[in-house]
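Novice: Dropping a prediction and its sequence here:
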Amino acid sequence: MITIKQSCLIALVGIALTACNKNSLEISPRDRVGDDIVWASAANADLFLNDVYNSLPDMNNETEHLDQYTDNSDVGVTWMQGYANIRVANVTPSNLPRGPWDMWYWGKTDNNDSRTGNYEKIRKCNLFIEKVTASSLPDDYKTKRIAEARFLRAMFYHWLWMAYGGVPVITRTLDNITQGDSIYVPRSTEEATFQFITNELAEIANVLPPSQSEPGRPTKGAALTLKGWCELYEASPLRNSGNPANPGGDLERWKKASATNKAVIDLGMYDLYPDFRTLFLKTANNSIESIFARQYMPGKGGQLEGKEGPTIVNGTEVAWGNFQPTQELVDEFSMANGKAIGESGSGYDPQHPYVNREKRFYQTILFNGSPWQGDTIRTVVGLGRSTENEIDLGYSSDVTHTGYYACKRLDESILGSDNRANSTSYQNYMFFRYAEVLLSFAEAENEVNGPTAEVLAAVNKVRTRNNNLPTVEATYGAVDKDKMREIIRRERRVELAFEDKRWWDVLRWKIADKMADGTPGVLNRPEVGMVITSDNGSLVYTRTNVSNRLFLPKMYYMPIPQNVLDRNYKIRAQNGGKDAWVNGQNPGY
């Protein structure tokens, strides 16, 4: 299992620091430990690479997850980026959101910046690759570990690519002292950046092992999964070469995404974990469903329960309550008979809205009446917020603003207040898992060939896990491509809720600003919560707009940071071209 030996890491921390005073892409490192020590043994080289692993987004210690940028969850408090920037369309080159745990943060603005950006992490990967290649370490070590470093580099690049489009592709270490202005690198096109990422992943997939004896390191399946995800993103309406209003888009791109995700399925290395609720807990760490995950353990734990769990439990405020599902997300969960709540024959009762819902609903959402840690969650108006979770429509407290909390990924045995103080969450954070691969394959293959038997089998495998839902055929009979697309998108939203996937799906489907029929997009509609009142002992459920959202078309891409444009003249020199950049900046900024 990957660990970081703290005493050694402190000694090595100066080896590969990163942000350049000139262009925020690179820096000349001032080594504190000589190369003759660092690269002389596999153990020391591993310490360096483990530090790169440790720079992956630490999502179980994040306060504001990516779902809080979307229509899946309320932002929690108004100072968070999801509210202060995304929700009010206040995104500029000078204040752009960095993403959860600096997920798409470009790089340091100056040497006083304590944060680590993707280009600092990429530089560490490049340095590792160069030094290990030139070392006298065993060839089998070189082959395996260099492939791992290339995988990590592709991970960092893929977040930049999704956020910004084309970015500078740098595969060597740069030093402004010895190389001067040659360190300045222009933006590659969006297509060229995509090709670099996917070509890298295709090459290392043939080198990485099919299974991993050390959890946390990438395998062949992880490389193919990341490649298949990037291909799915590239094929989707935001970036395909077809009409953006036509979800079918570019057929050849969909074919590539389908083939790569099918290749992961055909490896036979993965399957669905039988129990959806415990899949995300410590007991299922590195399960058969996990493809690539950040590892947590004593000494390197998370604060998930304290930051995201229900605010008031047993009359005491124990957590920050940052997982707050919206009514829109709640409505997406099917009824137990497999039908959406608005479909004929679903059996949905708006005055008993939580009865006879699909199993994942109860394994994801905490609603009025849900049991939790020996208490009952109560959100009814009039109970009081000091000892109960009465819905807060005014953002005056940490209590839910939507009438809901989430329980998915949370360990009910961990008390939130203790968790925040002692980082006692040890469940892994899965960047990729097998259910997503099945849904990605189904989505791409449906665009190529419609709802074939393979498409139905992949979706049904997810739907029927642990006797959850009936199959698509049992629910709907025969379906066409359009209906299957609707089913797959709903399955992705429900299955992957609170796994930081919805933001990217909303962008790539290009449904944030407006829908294909011209109606407001999902991030241009008011956020909805559920207000529950008591009338002569009976509960009355009323959907209520909680807050407004505004999403502008330019926000499908983040702006290139102003400090990058100020420093890197080769980016500024670009004008127009395929990606319609003006002075290196994305359109609209």
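Specialist: In hand now; what should we look at? Numbers count the residues shown, from 1 in each chain.
Novice: what's around residue 491, how many residues?
Specialist: A total of 24 residues lie near residue 491 under the criterion other CB atoms under 10 Å. No exception for glycine: its C-beta is placed from N, CA and C like everyone else's.
Novice: what secondary structure does the residue nearest to residue 232 when sequence neighbours are not counted sit in?
Specialist: Nearest in space to residue 232, with sequence neighbours left out and distances taken as CB to CB, 6 or more residues apart in numbering, is residue 257 at 4.3 Å. When the structure is reduced to helix, strand and coil (DSSP: H, G, I helix; E, B strand; the rest coil), residue 257 reads as helix.
Novice: Do you know the pLDDT at residue 257?
Specialist: Among the per-residue scores, residue 257 holds a pLDDT of 98.
Novice: Need the single longest helix in the protein, by residues.
Specialist: helix 139-164 (DSSP state H).
Novice: Can you spell out which helices and strands pack onto it?
Specialist: Helices and strands touching helix 139-164, as assessed by 3 or more CB pairs under 8 Å, 6 or more residues apart in numbering; DSSP states H and E, comprise helix 42-53, helix 118-134, helix 190-205, helix 220-235.
Novice: Quick one: closest of the ones you listed to residue 518.
Specialist: Distances from residue 518 to each of the helices and strands packed on helix 139-164 were compared using CB to CB; the shortest belongs to helix 220-235, at 23.4 Å.
Novice: Just the angle for the closest one relative to helix 139-164, thanks.
Specialist: With axes from the mean of the first three to the mean of the last three CA atoms, to 10 degrees applied, the angle from helix 220-235 to helix 139-164 works out at 20 degrees.
Novice: how about helix 220-235 as CSV, C-alpha atoms only?
Specialist: What follows is helix 220-235 as a C-alpha-only set of coordinates in CSV (Å, rounded to 0.1, in the frame of the first residue of the first chain):
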residue,chain,number,x,y,z
LYS,A,220,-3.8,-1.3,-17.2
GLY,A,221,-7.5,-1.0,-16.4
ALA,A,222,-6.9,2.4,-14.8
ALA,A,223,-5.1,3.7,-17.8
LEU,A,224,-7.8,2.5,-20.2
THR,A,225,-10.5,3.9,-17.9
LEU,A,226,-9.0,7.3,-17.9
LYS,A,227,-8.5,7.1,-21.6
GLY,A,228,-12.1,6.0,-22.2
TRP,A,229,-13.4,8.9,-20.0
CYS,A,230,-11.4,11.4,-21.9
GLU,A,231,-12.7,10.0,-25.2
LEU,A,232,-16.3,10.1,-23.8
TYR,A,233,-15.8,13.8,-22.9
GLU,A,234,-14.3,14.6,-26.3
ALA,A,235,-17.2,12.8,-28.1
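Novice: Could you name the helices and strands sitting against that helix?
Specialist: helix 139-164, helix 190-205, helix 251-266, strand 290-294, strand 429-433, helix 434-449, helix 502-508.
Novice: Any idea which of those gets closest to residue 326?
Specialist: The stretch from these with the least distance to residue 326 (CB to CB) is helix 502-508; that distance is 10.6 Å.
Novice: sorry, back to before: point out the most buried one among the helices and strands packed on helix 139-164.
Specialist: Neighbour counts averaged per stretch over the helices and strands packed on helix 139-164 are highest for helix 220-235, at a mean of 25; criterion: mean count of other CB atoms under 10 Å.
Novice: what's the distance between it and the middle of its chain?
Specialist: The chain centre lies 14 Å from the centre of helix 220-235; the measure is CA atoms, centre = their mean, to the nearest Å.
Novice: all helices of the stretch 301-450 of the chain, in order?
Specialist: For the stretch 301-450 of the chain, helices defined by DSSP state H, counting those that start in this stretch occupy the ranges 304-308, 327-332, 359-364, 416-422, 434-449.
Novice: Just say which of the helices and strands packed on helix 220-235 is most tucked in.
Specialist: Ranked by mean neighbour count, the helices and strands packed on helix 220-235 are led by helix 434-449 with a mean of 25 (mean count of other CB under 10 Å).
Novice: Which helix or strand lies directly C-terminal to it?
Specialist: Downstream of helix 434-449, the first helix or strand assigned by DSSP states H and E is helix 453-463.
Novice: Which neighbouring elements make contact with the following helix or strand past that following helix?
Specialist: Of the helices and strands lying after helix 453-463 in sequence (DSSP H and E), the nearest is helix 472-476. Counting contacts by 3+ CB pairs under 8 Å, 6+ apart, helix 472-476 is packed against helix 453-463, helix 481-495.
Novice: now helix 472-476, how far from the centre of its chain.
Specialist: Using CA atoms, centre = their mean, the mean C-alpha position of helix 472-476 is found 30 Å from that of the whole chain.
Novice: Now do that helix: everything it contacts.
Specialist: 337-339, 451, 456, 459-460, 463, 469, 479, 483-484, 487 (CB atoms under 8 Å, 6 or more residues apart in numbering).
Novice: Give the buried residues for it.
Specialist: Buried residues in helix 472-476, counted by 16 or more other CB atoms under 10 Å: 472, 475.
Novice: Also stretch 511-528?
Specialist: Using 16+ other CB under 10 Å as the test for burial, stretch 511-528 gives 511, 512, 513, 514, 521, 522, 523, 524, 527, 528.
Novice: In helices, which of these fall?
Specialist: When the buried residues of stretch 511-528 are checked against helices (DSSP H), there are no matches.
Novice: closest to residue 83 among the residues you listed?
Specialist: Compare each of these with residue 83 using CB to CB and the shortest gap goes to residue 527, at 10.3 Å.
Novice: what sits against the closest one?
Specialist: Counting by CB under 8 Å, 6+ apart, residue 527 touches 71, 74, 326, 328, 402, 545, 546, 547, 548, 549.
Novice: State the distance from the closest residue to the second one other than its chain neighbours to residue 215.
Specialist: If the residues on either side of it in the chain are set aside, residue 74 comes closest to residue 324, at 4.0 Å by CB to CB, 6+ apart. Applying CB to CB, to the nearest Å, one obtains 32 Å for the distance of residue 324 from residue 215.
Novice: ok, now residue 464?
Specialist: Residue 464 is 28 Å from residue 215, where distance means CB to CB.
Novice: same question, residue 46
Specialist: Counting by CB to CB, the gap from residue 46 to residue 215 is 15 Å.
Novice: was I right about residue 225 contacting residue 291?
Specialist: Yes - here residue 225 reaches residue 291: they are 5.1 Å apart, a contact under CB atoms under 8 Å.
Novice: From one end of stretch 300-311 to the other, what's the distance?
Specialist: Taking CA to CA, to the nearest Å as the measure, stretch 300-311 stretches 24 Å from start to finish.
Novice: er, stretch 416-428 actually
Specialist: In terms of CA to CA, the two terminal residues of stretch 416-428 are separated by 17 Å.
Novice: Quick one: mean pLDDT over it.
Specialist: For stretch 416-428, the per-residue pLDDT values average out at 95.
Novice: Any chance you could list what contacts that stretch?
Specialist: Outside stretch 416-428, the residues within contact range by CB under 8 Å, 6+ apart are 60-61, 280-282, 284-286, 290, 293-298, 301-307, 309-310, 313, 316, 318-320, 409, 411, 414.
Novice: For the most centrally placed residue in the chain, give me the backbone phi and psi.
Specialist: A centroid search over the chain (CA atoms, centre = their mean) returns residue 500, at 3.3 Å, as the residue closest to the centre. Geometry field for residue 500 lists phi and psi as phi 60, psi 40, criterion degrees, to the nearest 10.
Novice: Is residue 534 located within a strand, as I assumed?
Specialist: Yes - residue assignment for residue 534, taken from three-state DSSP, places it within a strand.
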